[in-house]
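Trainee: sequence unknown, structure follows:
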């Protein structure tokens, strides 16, 4: 699959999807997998299975650390000391890296999950804590952050290569932030609309915000969520559009 942009997907988060073939069905249409590593979701067995699925599909492996809050799937901010944030980020990346190594694989990138990611967009100290946690494991890895956000420069300042990320299945606010999931229109579940947004990001460098304005987006990687309803249809449509219509 020759694409103009990396397509990443959050995985290893739902036990049934890991074991029933639903998650593995997504693999042929993506190029990078962000694997939950025990914070907001995931277990060693789920990590191991997801790593093996990614290897079979020749998909890059990434760590997807989140707040240790399984009850809320890591999607609510936690008032944690920054040093503690660095600790649990390190622990999660280390755990996935060790499991990947057992299968002869390495961690290619790290992408924070949920509220950890969204809070770090505007919280420099939190971004620094994430970078510190990853650096305890190593710096030979790409840190993924929201395109156009200050968190990318924080990661660069910490000595990391970064990848600016845009989202095909999420709606945007006019300031370039993601629409909060508390709003019923925060997700794009129509494959045609997600495909159109992906194509606009790649070809035109913008997304249309919820108020109709165009927000400039310059991205190296494009996310779809494995737990979005209809994720397989969405990623198939995005892959098809980008293969045949990206310029």
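Mentor: Received the coordinates, thanks. Remember, it's a predicted structure, so these values are computed and weren't measured experimentally.
Trainee: Which residue ranges of this structure form strands?
Mentor: 6-11, 32-36, 60-64, 109-110, 142-146, 161-167, 206-208, 214-216, 221-225 (DSSP state E).
Trainee: Figure out which of those strands is closest to residue 119.
Mentor: strand 142-146 (11.2 Å; Cβ to Cβ). Any C-beta I mention is one placed from the backbone N, CA and C, and that applies to glycine too.
Trainee: Would you mind pulling the contact partners of the closest one?
Mentor: With Cβ atoms under 8 Å, 6 or more residues apart in numbering as the contact definition, strand 142-146 has outside contacts at 8, 34, 62, 108-112, 117, 120-121, 127, 130-131, 134, 151-152, 155, 160-165, 176-178, 221.
Trainee: Can you mark which positions in the top helix by length along the chain are buried?
Mentor: Using DSSP state H to define each element, the chain has its longest helix at helix 82-102. Residues of helix 82-102 classed as buried: 82, 85-97, 99-100 (neighbour count, 16 or more other Cβ atoms under 10 Å).
Trainee: From the chain's centroid, how far away is it?
Mentor: With Cα atoms, centre = their mean, to the nearest Å as the basis, helix 82-102 stands 16 Å off its chain's centre.
Trainee: Same check on stretch 66-83?
Mentor: 16 Å.
Trainee: avg pLDDT for it?
Mentor: The average pLDDT for stretch 66-83 rounds to 95.
Trainee: start to end distance for that stretch?
Mentor: With Cα to Cα, to the nearest Å as the measure, stretch 66-83 spans 15 Å from end to end.
Trainee: same deal with stretch 40-48?
Mentor: Criterion Cα to Cα; first-to-last residue distance in stretch 40-48 is 17 Å.
Trainee: who wins for proximity to residue 195 among the strands of the chain?
Mentor: Closest to residue 195 of the strands of the chain is strand 221-225 (Cβ to Cβ; 10.4 Å).
Trainee: For the closest one, which helices and strands make contact with it?
Mentor: Under the contact criterion of 3 or more Cβ pairs under 8 Å, 6 or more residues apart in numbering; DSSP states H and E, strand 221-225 touches strand 6-11, strand 161-167, helix 231-245.
Trainee: what would those look like in JSON lines with mean neighbour count?
Mentor: As requested, those are exported to JSON lines (neighbours: other Cβ atoms under 10 Å):
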{"stretch": "strand 6-11", "mean neighbour count": "25"}
{"stretch": "strand 161-167", "mean neighbour count": "20"}
{"stretch": "helix 231-245", "mean neighbour count": "19"}
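Trainee: Reformat these as TSV; add distance to residue 76 and mean pLDDT.
Mentor: Formatted as TSV, these follow (distance: least, Cβ to Cβ, whole Å; pLDDT from 0 to 100):
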stretch	distance to residue 76	mean pLDDT
strand 6-11	17	97
strand 161-167	19	98
helix 231-245	22	94
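Trainee: Next, format those as CSV and append distance to residue 43.
Mentor: Output for the helices and strands packed on strand 221-225, formatted as CSV (distance: least, Cβ to Cβ, whole Å):
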stretch, distance to residue 43
strand 6-11, 13
strand 161-167, 26
helix 231-245, 21
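Trainee: Tell me which of the ones you listed approaches residue 18 most closely.
Mentor: Of all the helices and strands packed on strand 221-225, strand 6-11 sits nearest to residue 18, with 7.9 Å by Cβ to Cβ.
Trainee: Kindly calculate the angle that the closest one makes with strand 32-36.
Mentor: Here strand 6-11 runs at 20 degrees with respect to strand 32-36, directions being taken by axes from the mean of the first three to the mean of the last three Cα atoms, to 10 degrees.
Trainee: Quick check: chain neighbours aside, which residue is closest to residue 88?
Mentor: Nearest non-adjacent residue to residue 88, counting by Cβ to Cβ, 6 or more residues apart in numbering: residue 68, 5.7 Å away.
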